[in-house]
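Predicted model, plus sequence, below.
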Amino acid sequence: MILTQATGIIMGPISWLLGKVFNAIYNLFYGFGVESIALSIVIFTIVIRLILFPFNLKTTKSSKIQQHLKPEFSKISKKYKGKRDQNSMIAQQRETRELQEKYGIKMSQGCLTALIQFPVFIGLYNVIQNVPAYVFRVRQLFKPIAQSIFDASGSSKIISQFATEQQLRMTTKAVNFASATDASRGVGLQGLNYIIDVLFKCNTDQLHMIGEKFASNPEVKQLIEMNQDKISNVNHFFFGINLTEAPGFKLSWALIIPIVAFLCQFLAMKVTPMQETGDPQQDAQMRTMRKTMYIMPIFSFIITTISPAGLGIYWATSAFVSFLITVVTNIYYDHADMDAIIEKQMAKAAKKIEKRKAKGKVSLTERLYGSAGEGGDGSSSQSNVSTNRSLNKYGNMNLKNYESEATNSRPRKGSLADKAGAVKRFNDTGVDD
């Protein structure tokens with residue numbers, strides 16, 4: 001195992017898996033005579049987005065179903081219009097949740113998609129930061145130079161000082177391999193890997209500077225000059241953009257990447273349909289959330305400006321593909337037979353409910369708002385009875401937490417435990433002490 005790969009219980013395996021996929025894509029293009037990390041990133045991003053496509057499709061489908069069923073949700077809203085007492089508000093939320101469950105609508109679907117993409121983004125960040133650790137052919141490109149530096153006198157101190165002076169974005173700590181003689185194992189292997197990481201993060205000028213640093217060993221400079229063209233092809237994008245360098249807040253061709261990321265992210269947010277339920281409270285929350293999400297394009301610009309250009313290419317490509325997918329799915333559902341889709345959705349939801357009841361499981365809605373069977377005819381009184389029964393149940397459970405304290409030893413008068421005990425005794429006896 002290459003020591004510069006990401007570690008950790010979660011991100012280690014994810015980065016390793018993404019590294020394998022990335023390596024396979026790179027080798028595929030290598031077979032056609034094309035060596036380009038940037039092109040591999042673009043294709044890799046498209047592959048990942050296609051894998052996540054079912055989740056995006058479910059999110060769009062759920063939004064379109066809610067838009068189509070807005071009149072039904074509006075009936076619940078009209079039913080409780082002007083009622084601001086606690087029981088009515090809870091009953092309205094319960095009926096809205098039940099209607100969502102009936103049609104298999106999940107409000108958390110969009111959050112799930114975002115949560116799945118986050119570890120992918122972090123995993124790819126690890127891969128791009130240390131491409132030689134995951135892509136064998138890139139590692140082999142830098143290995144002869146690294147081996148020559150390893151064999152040079154005083155190379156351990158020189159290479160670590162160079163990384164510090166040039167402020168290279170190192171994700172691995174410097175290794176003192178001065179006493180190592182074998183670069184194939186132990187500290188020697190760690191030192192060789194560190195040298196490769198430093199070389200990978202260098203631009204053309206910095207590679208020449210390394211050659212000058214090791215003037216006492218001409219082989220280093222010769223190997224750098226021999227492999228310079230290949231390294232540039234592998235490590236650079238259009239207009240000479242170095243994938244390992246951050247564009248920064250300065251005027252350069254690299255700034256195109258953050259700008260494209262900003263525009264693509266904005267377009268992707270613009271075409272994403274907003275879920276509407278007819279419930280004023282939920283819809284207000286969704287509108288607030290959507291306004292907050294418009295910060296994402298700005299966030300994208302900042303992140304891709306201060307991160308390696310390779311990561312910015314992933315971010316921009318991902319946002320652009322997301323935009324295209326959302327446009328296509330919107331067009332599909334706008335022309336689809338929504339009644340037929342909703343009918344199938346209801347059938348699936350009904351089966352899930354039957355399976356859950358067969359196993360004796362209780363849904364979150366039933367636990368919070370009482371049995372779904374009670375108040376199912378829309379009766380406000382039955383809904384309130386069910387709701388009050390559920391709330392009293394949980395209220396009594398909370399009071400029990402203080403009961404033992406109140407009975408075992410008399411709490412300090414006026415304390416929270418004393419007040420809780422008084423409420424419990426009043427509920428049990430109807431007598432105010």
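Good, I have the coordinates.

which element is Val120 on?
Here Val120 sits within helix 109-129, counting by DSSP states H and E.

now for that helix, which elements pack on it?
helix 11-31, helix 37-51, helix 53-68, helix 309-335 (3 or more C-beta pairs under 8 Å, 6 or more residues apart in numbering; DSSP states H and E). The way it works is simple: take the backbone N, C-alpha and C, and place the C-beta from them, glycine included.

The first one - contacts with which helices or strands?
Pointing back at helix 11-31 there. Packed next to helix 11-31, using 3+ C-beta pairs under 8 Å, 6+ apart, are helix 37-51, helix 109-129, helix 131-134, helix 136-151.

How far does that helix sit from its chain's centre?
19 Å (C-alpha atoms, centre = their mean, to the nearest Å).

again with the last one
The chain centre lies 16 Å from the centre of helix 309-335; the measure is C-alpha atoms, centre = their mean.

Would you check how far apart the residue lying closest to Asn56 once chain neighbours are set aside and Thr60 are?
Closest residue to Asn56 apart from its sequence neighbours, by C-beta to C-beta, 6 or more residues apart in numbering: Ile325 at 5.7 Å. Distance of Ile325 to Thr60, computed by C-beta to C-beta, to the nearest Å: 9 Å.

Now do the same for Ile105: helix, strand or coil?
coil (DSSP: H, G, I helix; E, B strand; the rest coil).

Count the neighbours of the nearest residue to it once chain neighbours are set aside for me.
Distances taken as C-beta to C-beta, 6+ apart put Ser62 closest to Ile105, at 5.3 Å, once the chain neighbours are dropped. As a burial measure, Ser62 scores 22 neighbours (other C-beta atoms under 10 Å).

And Val47, by the same measure?
Val47, neighbours per other C-beta under 10 Å, totals 14.

Test my guess that the residue nearest to Ile105 contacts Lys106.
Yes. At 6.2 Å, Ser62 and Lys106 qualify as touching, with contact defined as C-beta atoms under 8 Å.

if we can go back for a sec, quick check: which of the helices and strands packed on helix 11-31 is buried the most?
helix 131-134 (a mean of 25; mean count of other C-beta atoms under 10 Å).

which other helices and strands contact that one?
helix 11-31, helix 136-151, helix 186-200.

Can you add distance to Arg94 and give those back as a markdown table?
Below are the helices and strands packed on helix 131-134 laid out as a markdown table (distance: least, C-beta to C-beta, whole Å):
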| stretch | distance to Arg94 |
| --- | --- |
| helix 11-31 | 39 |
| helix 136-151 | 57 |
| helix 186-200 | 57 |
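
Below-threshold pLDDT in the stretch 301-433 of the chain: ranges please.
362-433 (pLDDT under 70).

now the helices and strands packed on helix 131-134 as CSV including mean pLDDT and distance to Gln345?
Below are the helices and strands packed on helix 131-134 laid out as CSV (pLDDT from 0 to 100; distance: least, C-beta to C-beta, whole Å):
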stretch, mean pLDDT, distance to Gln345
helix 11-31, 91, 32
helix 136-151, 92, 47
helix 186-200, 90, 50
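
Out of these, the one nearest Val120 is which?
helix 11-31 (7.0 Å; C-beta to C-beta).
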